[in-house]
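3D, please:
(2 chains)
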Amino acid sequence: GAVVSQHPSWVICKSGTSVKIECRSLDFQATTMFWYRQFPKQSLMLMATSNEGSKATYEQGVEKDKFLINHASLTLSTLTVTSAHPEDSSFYICSARDPLQGDYTEAFFGQGTRLTVV
Amino acid sequence: GQNIDQPTEMTATEGAIVQINCTYQTSGFNGLFWYQQHAGEAPTFLSYNVLDGLEEKGRFSSFLSRSKGYSYLLLKELQMKDSASYLCAVRDRDYKLSFGAGTTVTVRA
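Just a heads-up that it's a prediction; the model follows:
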C-alpha cells in the first residue's frame, strides 16, 4: 500500500506552546492529505482535508485557527497545534491520496503522532 | 453524514472463527474499509469493498451488501495476535473516511 510517514512519533509539550506535525508521502504525490485524531478509547475522527496549494477544509467543530494546516508540496503536509492545551492531547494520524496510484491510497495511514500536553 | 455501528466487544477462542458486523447509513457511499488497530498504534488496512460480495485475503474475509448497508469482517483460525480493535470505515465521494467506534476482539487460549 501507499507509504505515508509522520514525524515525530510522539511529542510532549507545555501548555500554551505550539507543536508541528509532519506528514510525508514517500513514494507518491499526494494531491490531498487527510488529518485525523483519536482520543483515548475512541475511534478516529476526521479533522481536516488539505489540498496541495490551497486552503484546508475543516470538519465541523474543528478550530481552523488552532489547527493550522499547510500543504505546500505534493509530498508534505504539516499540522500545527497552536497554543496547545491538555485537552488537545491525542493521537494525530494522517493519510494521503494520489488518484494516479489506484483507488484507495488514502486508506493507508502514517504511524501517527502521540501528542501529550502538560 | 455517516452513521456506522459495530459491536463494542467480542471474545473468541484461539483457532475459532469470529464475524464482526458493521451497519451503516450514509450519503454518497464510495467504499468500505476494515482496519486492525493494536493499542498505541495506527490502524492497519485489512480490506476494501466497493462492490457487493465477498473479498477473501488469507485468514481474513470481508463482505459487503450495499442495498442493506451492511458489511462483515470474518476472521478465521484465530490466533492470539489477532486480539485487537477492528474498525469499520465508510468512504464518501470526497474520499473522506468515517469510522465506527471499533470492536475489541479478545482471543482466549
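
helix/strand/coil for the residue nearest to the spatial centre of chain A?
The centre of chain A sits closest to residue A:35, judged by CA atoms, centre = their mean, with a distance of 3.5 Å. Here residue A:35 is strand, with the state taken from DSSP: H, G, I helix; E, B strand; the rest coil.

okay, and the residue nearest to it when sequence neighbours are not counted sits in which element?
Nearest residue to residue A:35 in three dimensions, chain neighbours excluded: residue A:47, at 4.6 Å (CB to CB, 6 or more residues apart in numbering or on different chains). Yep, even glycine has a C-beta here, placed from its N, CA and C like the rest. Per DSSP states H and E, residue A:47 falls inside strand A:45-51.

what about residue B:84, how many residues nearby?
Number of residues near residue B:84 (other CB atoms under 10 Å in any protein chain shown) recorded here: 21.

spell out which parts of chain B neighbour chain A.
Within chain B, the positions adjacent to chain A are B:31, B:33, B:40-43, B:45, B:48, B:50, B:87, B:89, B:91, B:94-102 by CB under 8 Å from any CB of the partner chain.

check whether the helix or strand of chain A with the lowest mean pLDDT comes near chain B.
In chain A, no helix or strand scores lower on mean pLDDT, DSSP states H and E than strand A:67-73, which sits at a mean of 92. No. Judged by CB under 8 Å from any CB, strand A:67-73 stays clear of chain B, getting no closer than 14.6 Å.

buried sites along that strand?
Going by neighbour count (16 or more other CB atoms under 10 Å in any protein chain shown), the buried part of strand A:67-73 is A:67-69, A:71.
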